[in-house]
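Asks: give the three-dimensional model of this entry:
(chains A, B and C)
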Amino acid sequence: MFTRSEKAPVTPGERLAAAVRTLSARRTRGARNPEGAGGAGGTASPQGAARSREARRSGPPGVRVKDLSVVYRTSAGELPAVSGIDLELVPGTITGVVGESGSGKSTLALSLLNAVQPPGRIRSGSVEIDGLGDVVELRGDDLRRARGRHIGYVFQAAQNSLNPLKTVGKQLLDLGRSHDIQDLRELVRDAKDLLGRMGLDGARVLDSHQHELSGGMRQRVGIMFALVLNAHLVVLDEPTTALDMISQATILRIIREVHEERGLTTLVITHDLGVVAEVADRLAVMYGGRVVEQGPTIEVLGAPRHPYTQGLIRAIPRLVGDIGEARALPGRPPTLGTVPSRGCVFRERCELRMDVCETEEPPAVTRGEWIVACHAVAARHADEDADAARAAHRTGHAVIACSATGADAGTENVARAATGTKNATGAGNRGKNACEDRDTVARGAGRSAGTHGPKEKA
Amino acid sequence: MITGRGVTKTFKQRGGILAGREVKALRGVDFTIPKGGAVSFIGESGCGKTTLGRIIAGLESYDSGEIIIDGTPMSSLRPRQRQPYFRRIQLIHQDPYSALNPTRTVHQTLDAPLTLRAAQTGRSRSWVDGRAQELLELVGLDPGYVLPRYPHQLSGGMRQRVVIARALTVDPEMLVADEAVSMIDVSLRLGILALLKDLRERLGVSVLFITHDVATARYIGDDGELYVIYRGQVVERGHVETIISAPVHPYTQSLLSAIPVLHGLERPGKEPVTPTGALDESRLDEGCLFARRCPFRTGRCESEQPLLGHGGGTPQEHACFHPAPRNVVAMPVGHP
Amino acid sequence: MTAPVITDGASGAPGTPGTPGISGTRATLRRNFRRGVWRVLRRKPSRIVGVAILAVFAFMGIFGPLLYPARLPRDDNALYAAPSLAHPFGTDFEGTDVLALVVTGARYVLLTALVTAVITVAVGTAVGLFAGFRRGRWDAVLMRITDMKLTIPALPLLLVLSTVWKFTSALEMGLVLGLLGWGGVARAVRAQTLSLRERGFIEAARGLGLSGRHIVGRELLPSMAPFIAMNMLIAVTGAVYAQVGLFFLGVLPFDANNWGVMLNLAVFGGGALTATTALPYMLAPLLAILLLTLGIVLVVDAMDEIFNPRLRED
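Replies: Residues are numbered from 1 along each chain as shown, chains lettered A, B, ... in the order given. The predicted structure follows:
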């Protein structure tokens, strides 16, 4: 991968690396991941060590969030930030979670690390990560080990997660030491290599303090920290906020490249639809603490079904086309205190609002890889499926579940657009037409589609 | 309404590693903003667009050049005399929360400038309250709800509207919106943009929109002018629609190429331009400033400095020796 | 009236306090403020305790001397008596009840401390605000003066001053101590002002043409209110220590009883540090100082929330 130069250390970064070299006892590469209780801290459980061994052997982990609910204690009682979320991160894919303020997306990201701080707590549900088990159950050293080693987290506006008083190199060593990395110089080398791949002068950056780096550089350092311990699940929280367009494009490209090279499973949390469009294979739209729509990115953007997704896309001014087409969404996103406890959270701003939306939580309607939680959509599908069943009964053909919504005008375009886009590992079905046999979709994907949450089957 | 010629500003870095080093924020910029017009400045962060916006709003000094407001050059006036001129230009900040005093209600916030205005124009106390309500309704807020509230009790969009209402208390002729919607939720942004557009149409205020998001600039003034700024210089300048559909300067093309494409809804432009090289750390001042990152540079670009003009017969002005329109903008799927 | 543009929606958030009509008049704002203060205090019981303690001391300061005859009774039969029901803290070298001494001595100490705190904070804030807001030459001059003042050693100056001027009354004492101690506050307020003046709303106020007086008095000062309130309370504790300490050392002139004097007499007159007879005589004022400090500290905690509307309403 890289060669080690034997010249005398010159920069402080290199001197540091040399000092580290003399300190580290074991020089073997395997020493970086201590097995069992040998090199690990005294309180690490044998199960935890076994799990980390397992994780290293297999490929990128899948994540299954089931019925997750997180509440915050306020003077008005315990208010839900996230309610009954079902989300699956397919191994090897980049999933994007889009939401505005109050949607609960940051809380969701923290829950993946079981890092929700009081006054918040995870009330119910599970977050299963391959190789780690249910993160919600992990405590103490097992949890600490999981973070960083298995799950890399890139914070929002990475400048806030860097210590302003220490150089980047020192913080890297701190990180390595707290994870009982034996071969620290290997760590430094990997870090320099990673930084180099992202277009930075590794040695110089390691010697720098946070304020000496630009916003784009700091973000790259944040990404480096998340990856340097060889985590295979990476969570990026608003990775490109405060960056201008060109830096953003570069960072997104880096994320894609690193994701493919290292075979990661990636989750990107953002408020910017453009960011997920450029980088994610799958997209989940959050509103008021719930996932209202999820599916392959191209599908969701090309033919959105949920009224919020449609409204959100419509509310973005575009560069080309009629200005008047852009329309604002009336009302405003709910806050912790204004999220309705019953019925659909979006009903105040929805143009398809029905009576049932006031009282009933919308069911999750599934079509292959695409899931939408909306009463209007459910009603429409119930009608179609009933028609299709009747037609099939008459003609004896297999049932074909087809979403015959008005947005279908875009499905042909979806197919056309798909050919021009880049592919990511495991993306499989992204280009497929939404109007397809459910079984074929499930088979082609090679994974169980639609096995989470309440569903409505025709 | 306001014209600038050769505006220059240099910042000296004080303290730290970069002590004593100079940063040329603006290098002789010319601009014109007509009455009731819409002008946008776009560029990366640090390009000087915010500095220029603040100079125009009278919040920042400039080192050389001339600013002329309504025909009167500012250099001919003493600092205190310039204030009434610059007061006609109000700045809308990026962060609506820090732009409002958190310890004062909306009513108190609007009261102070309106009382001043009443004194200046010889109006009574009762006019102040009425005008406050009028302005709040103008920006689309319910006065009964908003007046007694503190800023933290309002959403980001509402706060920004209050800021706009406050800016309108002095009956300005121009509003400078510096990234005015970037800290607001996506679903609320269009509301603010529509408001600015509406104010322009209804009150005839000109709007200077500073942003890195070209689409929002286009929304406010698709009949307006666009200035593309790079490292303190204007590299392309002209009609918004012209530049978007046929940009000729490679930097403009990189900016437009970098705009995320909503795959599924749009398809990418055919010839996207990506700046080359690692981060631009050594800031050379010779020749074209963009040359080091430009994929189309030639020897001439590195030694000679291009001037703003219509070289090559382009409809817009640009500062490039090899202008060439390229198809970089994402098109909606289904467009030919 | 002009038709409203695309609105943001005005759905109210639950939990907002009962708000008045359109024009938030001064009276309603004051009422809401009082209600807010009470709510903040109720949030932590420790704050109520702090307020109670301060109330007791305030009572002691105002009404204390009225509870006892002008000349405290001496009992020649009970010099340095041990604590008993009649004398919870024993008696002093003249047989006077120690508790009575503490209560009557409170007024002087509290009054002096209050005057010191007010002067320190008032002068310090004024200097700091002016220097921070105006910057430039004014800033340089004022900060030079502050620095010079800070380098003047207070103790020798007091000693010298006390030979020339007998500033024994509480007000005079407060004045002297106050004028010696405003340096720190000035620097801190200046730092706060410098950082606040870059905030958007201050810039906007200048852009709107609001007067400097308005900006300082109505925009900057309220934003610094929690900072100033905290400084005031802490200055009170500092002032109490300062004067008690100085009296204890015998540096300051005195003509009446106060806690510092008691300490001085207990230690140097009664040998309280070596023998146990005068111990309660020494402990009583110490306990009083401790309790007062405790009360202030518990209340200081509430200052930030009281003056910040966001924290107050929550």
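Asks: show me where the stretch 51-200 of chain B has its helices.
Replies: For the stretch 51-200 of chain B, the helices defined by DSSP state H, counting those that start in this stretch cover B:79-86, B:106-121, B:125-138, B:143-146, B:156-168, B:186-203.
Asks: by contact count, what packs against the last one?
Replies: For helix B:186-203, the elements it packs on are helix A:307-314, helix B:156-168, strand B:174-178, strand B:206-211, helix B:214-220, judged by 3 or more Cβ pairs under 8 Å, 6 or more residues apart in numbering or on different chains; DSSP states H and E. Every residue, glycine included, has its C-beta placed from N, CA and C.
Asks: apply 6 Å and report the result again.
Replies: Here helix B:186-203 touches helix B:156-168, helix B:214-220, going by 3 or more Cβ pairs under 6 Å, 6 or more residues apart in numbering or on different chains; DSSP states H and E.
Asks: just the fourth one next, same as before
Replies: Counting by 3+ Cβ pairs under 6 Å, 6+ apart, the packing neighbours recorded for helix B:143-146 are helix B:125-138.
Asks: what about the helices in chain C?
Replies: Ranges of helices within chain C are C:26-43, C:45-67, C:98-134, C:136-151, C:154-164, C:170-180, C:183-196, C:200-207, C:212-214, C:221-249, C:259-264, C:279-307, C:309-313, based on DSSP state H.
Asks: quick one: closest of those helices to B:Val205.
Replies: Nearest to B:Val205 among these is helix C:200-207; the distance by Cβ to Cβ comes to 15.0 Å.
Asks: buried ones in that closest one?
Replies: C:Gly200, C:Phe201, C:Ile202, C:Glu203, C:Ala204, C:Ala205, C:Arg206, C:Gly207 (16 or more other Cβ atoms under 10 Å in any protein chain shown).
Asks: now the fourth one. Nearest residue, chain neighbours left out?
Replies: Read it as C:Glu203. Once flanking residues are discounted, C:Glu203 sits nearest to B:Leu59: 6.0 Å by Cβ to Cβ, 6 or more residues apart in numbering or on different chains.
Asks: how close does that neighbour sit to B:Arg87?
Replies: B:Leu59 is 11 Å from B:Arg87, where distance means Cβ to Cβ, to the nearest Å.
Asks: what about the residue sitting furthest away from the middle of chain A, which helix or strand?
Replies: Distance from the C-alpha centroid of chain A, by Cα atoms, centre = their mean, peaks at A:Arg394 (44.7 Å). Assigned by DSSP states H and E, A:Arg394 belongs to helix A:375-395.
Asks: which sections of the chain are below the confidence cut-off?
Replies: Looking at chain A here, since you left the chain open. By pLDDT under 70, the low-scoring segments of chain A are A:1-58, A:157-161, A:395-458.
Asks: ah, I was thinking of chain C
Replies: Scanning chain C for pLDDT under 70 picks out C:1-26, C:78, C:255, C:314.
Asks: just the pLDDT at B:Ser319, thanks.
Replies: Quick fix: residue B:319 is Ala, not Ser. B:Ala319 is assigned 87 on the pLDDT scale.
Asks: quick one: it from chain C, how far?
Replies: 32 Å (Cβ to the nearest Cβ, to the nearest Å).
Asks: B:Ala132 now?
Replies: Distance from B:Ala132 to chain C, by Cβ to the nearest Cβ: 9 Å.
Asks: from C:Gly183, how far out is that residue?
Replies: Counting by Cβ to Cβ - B:Ala132 and C:Gly183 are separated by 43 Å.
Asks: same thing with A:Thr335?
Replies: Using Cβ to Cβ, A:Thr335 is found at 45 Å from C:Gly183.
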